[in-house]
Structure formats: structure tokens, C-alpha cells
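*Asks:* Sequence first, then the predicted structure:
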Amino acid sequence: MTGSMDRATSGVPANPGGATTGETWPDDEGSTEIALLAGRAMAQMSNSNGNMIFYRGFQRCKVCSVRLCTSLVARSIEPVIFSAVRASDKSRKSNSKIFFDTTLSDVGFGWNAKSSEFVCFYPGSYFFTFTAVSDSGSHFKAALMKNSDEVATVWGERVGYQSASNTVILNLEKNDRVFVNMKEGEIYETSKVGRGYTTFSGFRLY
């Protein structure tokens with residue numbers, strides 16, 4: 001991409017989203033002067049192949065020579081995914097953190113299988129879901145915890161084998177802990193090792 005672009009005709013605002021707060025976009029070395037909305041930058045530009053270089057507070061694409069304000073270029077999102085199943089024998093009753101016997105997937109940093117906690121390494125927004133089943137003749141209440149705060153709960157009736165689940169999106173800072181606590185009653189698990197009715201999963205959104 002070479003030549004000049006008129007902001008008035010390009011449909012791209014001179015100060016997208018207030019990100020540049022009145023700064024002048026320089027036009028040195030004959031490069032195209034352009035401002036992209038952050039969402040467009042995320043969709044159209046990638047530095048995964050090493051095609052972005054830094055220059056005087058801007059990033060320049062080595063392929064097309066377009067410069068982007070560094071505040072608008074999508075940051076690289078490291079994937080974080082985990083999924084665990086089957087509550088351990090000692091954590092199926094009230095007043096206990098649920099420990100999971102089996103980790104099905106664990107990508108990136110965060111999931112601690114030993115403590116059955118997700119510990120945030122990359123600050124951002126995360127999706128979490130958890131499920132449990134009531135034991136025969138017992139209700140249960142389980143809660144998703146963010147550090148010491150109860151952020152979501154599930155409830156299963158005492159009529160037996162009632163499944164309950166919940167889903168949340170949490171904004172986490174580094175070292176925030178997310179885990180599942182048994183609050184009341186008792187949950188049921190299958191006797192077959194490697195399978196489970198109790199689940200806890202999550203992944204990074206941004």
C-alpha cells in the first residue's frame with residue numbers, strides 16, 4: 001500500500017475512539033498515513049508471522065508499510081484453556097473445595113491440577129462453566145469462587161441425581177484465583193475412573 005489517503009474520504013476517523021487524543025499522525029518516509037479502529041486492527045493485522053516492527057511509538061507492517069498507532073494494534077492473545085472432571089472422594093460434601101481427579105485439557109498458563117484452582121497469569125476476561133449432580137436423597141449447593149468472593153452458584157434438589165450448572169464471564173487480574181466450593185449437601189459421582197458428572201472448565205476470551 002503506497003501513496004496518501006485522505007481521512008475525509010477514507011471513512012476512517014482522525015482520532016478513532018479517542019485513542020490518539022489529538023495527536024498528529026506523522027507522514028515521514030513516504031508511508032501511508034492511516035488510522036484504524038481497534039476492532040479493524042484486530043481483524044486485519046497480525047504480528048504472528050513477525051510482520052510488525054516498532055517505529056517511534058508506531059508499528060509498521062513490513063508487508064504493506066501501513067503504520068498503526070501501537071495503542072490500536074491488537075495484542076497477541078495467548079490461548080488459555082482448561083477442563084477438569086470428577087470430584088474426588090473427599091470433596092463431595094459441604095464445606096469443601098472441590099478437587100478434580102482428571103484434567104481433560106490444559107493449554108497455556110493458569111490451571112493448577114494439584115490445587116484444582118485456576119490462577120490467572122494473563123489479566124483479561126475469562127469464560128467459566130461448572131456442573132454437578134445431587135446424590136440420592138441429598139440436595140447440594142456449589143459455588144464458583146473468585147478469591148474469597150462467591151460469584152455464581154448452582155443448586156440440585158434432594159429427589160436425587162439432579163444436574164445443575166452455571167456459566168460466568170469474569171475480568172481477572174494476575175494471581176486471581178477461581179475454583180469451585182461445595183456449600184451444602186452432597187454431590188454424586190460415577191464409580192468409573194476417568195469419567196465424571198462434576199465438571200469445571202474455562203478459557204480466555206481477551
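*Replies:* All right, it came through fine.
*Asks:* where does this protein have low pLDDT?
*Replies:* By pLDDT under 70, the weakly predicted segments of the chain are 1-75.
*Asks:* Can you show me the strands along it?
*Replies:* Ranges of strands within the chain are 52-55, 58-61, 67-69, 81-87, 96-97, 100-107, 111-112, 117-119, 124-133, 140-146, 149-156, 163-172, 177-185, 199-204, based on DSSP state E.
*Asks:* Which one of those lies nearest to S191?
*Replies:* Closest approach to S191 among the strands of the chain (C-beta to C-beta): strand 81-87, 10.5 Å. C-beta here means a position set from N, CA and C on the backbone, and glycine is covered the same way.
*Asks:* returning to what we had before: with mean neighbour count and distance to S191 added, can I get the strands of the chain in JSON lines?
*Replies:* Putting the strands of the chain into JSON lines (neighbours: other C-beta atoms under 10 Å; distance: least, C-beta to C-beta, whole Å) gives the following:
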{"stretch": "strand 52-55", "mean neighbour count": "13", "distance to S191": "54"}
{"stretch": "strand 58-61", "mean neighbour count": "19", "distance to S191": "56"}
{"stretch": "strand 67-69", "mean neighbour count": "22", "distance to S191": "57"}
{"stretch": "strand 81-87", "mean neighbour count": "22", "distance to S191": "11"}
{"stretch": "strand 96-97", "mean neighbour count": "14", "distance to S191": "20"}
{"stretch": "strand 100-107", "mean neighbour count": "16", "distance to S191": "12"}
{"stretch": "strand 111-112", "mean neighbour count": "20", "distance to S191": "25"}
{"stretch": "strand 117-119", "mean neighbour count": "19", "distance to S191": "26"}
{"stretch": "strand 124-133", "mean neighbour count": "20", "distance to S191": "14"}
{"stretch": "strand 140-146", "mean neighbour count": "22", "distance to S191": "18"}
{"stretch": "strand 149-156", "mean neighbour count": "16", "distance to S191": "19"}
{"stretch": "strand 163-172", "mean neighbour count": "16", "distance to S191": "18"}
{"stretch": "strand 177-185", "mean neighbour count": "20", "distance to S191": "19"}
{"stretch": "strand 199-204", "mean neighbour count": "22", "distance to S191": "17"}
